[in-house]
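K.L.:
Below is the structure, and that's it, no one-letter string:
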């Protein structure tokens, strides 16, 4: 089974592209969705212990955690040491299940693929990108997003130019949905043909 890493900076269209891979029949393991689940379960006591006051009613309050990390950006590493091993455990179980279901390709949707050390866990990498002005407009149109939050997020992400340099495949979502869908189909065909 080919493990295809899918990544892209905030606002590049990665979630839409992940859905296109699903539409082609590929299982997609969404790291963000896994984290959301962990924030309602297994990770809660660990995060409350490390970051007191960031959970409410047995659930990690993402707003409180984000505010805490804005005040203490050095603690992102501590959060990662808590969350990443739990995400990895769920990822492995999902890959095994996909293989048992007969999948020949599984997509690992990992926003911080390069930053988190997940690159070693994939065979090929797709980077979703677009023009910086399009990215900026997309991100700032999100509810609750501010220039400050956008800058903080970008500061934690590998620059887009570096991601594209390290990619096996690039999908430019700024060229439209039809273009992105065609690229997804082309990538699947290349992988299935041994490329």
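P.N.:
Sure thing, it's come through. Because the structure is predicted, anything quoted here is derived from the model rather than measured.
K.L.:
Identify the residue nearest residue 28 in space, chain neighbours excluded?
P.N.:
Leaving out its chain neighbours, the residue that sits closest to residue 28 by Cβ to Cβ, 6 or more residues apart in numbering is residue 107, at 4.4 Å. Yep, even glycine has a C-beta here, placed from its N, CA and C like the rest.
K.L.:
Go over the secondary structure and confirm that neighbour is in a strand.
P.N.:
Yes: in this structure, residue 107 lies within a strand as judged by DSSP: H, G, I helix; E, B strand; the rest coil.
K.L.:
May I have the beta-bridge partners of it?
P.N.:
residue 4, residue 28 (DSSP bridges).
K.L.:
Tally up the residues packed near it, please.
P.N.:
The number of residues packed near residue 107 is 28, by other Cβ atoms under 10 Å.
K.L.:
can you tell me how far it sits from residue 114?
P.N.:
Noted for residue 107: a distance of 16 Å to residue 114, by Cβ to Cβ, to the nearest Å.
K.L.:
same check, this time on residue 86
P.N.:
20 Å.
K.L.:
Where does residue 152 sit: helix, strand or coil?
P.N.:
Going by three-state DSSP: residue 152 is helix.
K.L.:
Can you list the neighbours in contact with the biggest helix by length in the chain?
P.N.:
Assignment by DSSP state H gives helix 76-100 as the longest helix of the chain. By Cβ atoms under 8 Å, 6 or more residues apart in numbering, the residues outside helix 76-100 that reach it are 1, 3, 27, 29, 31, 34-35, 37-38, 42-43, 46-47, 50-51, 65, 69, 106, 108, 116-117, 121, 156.
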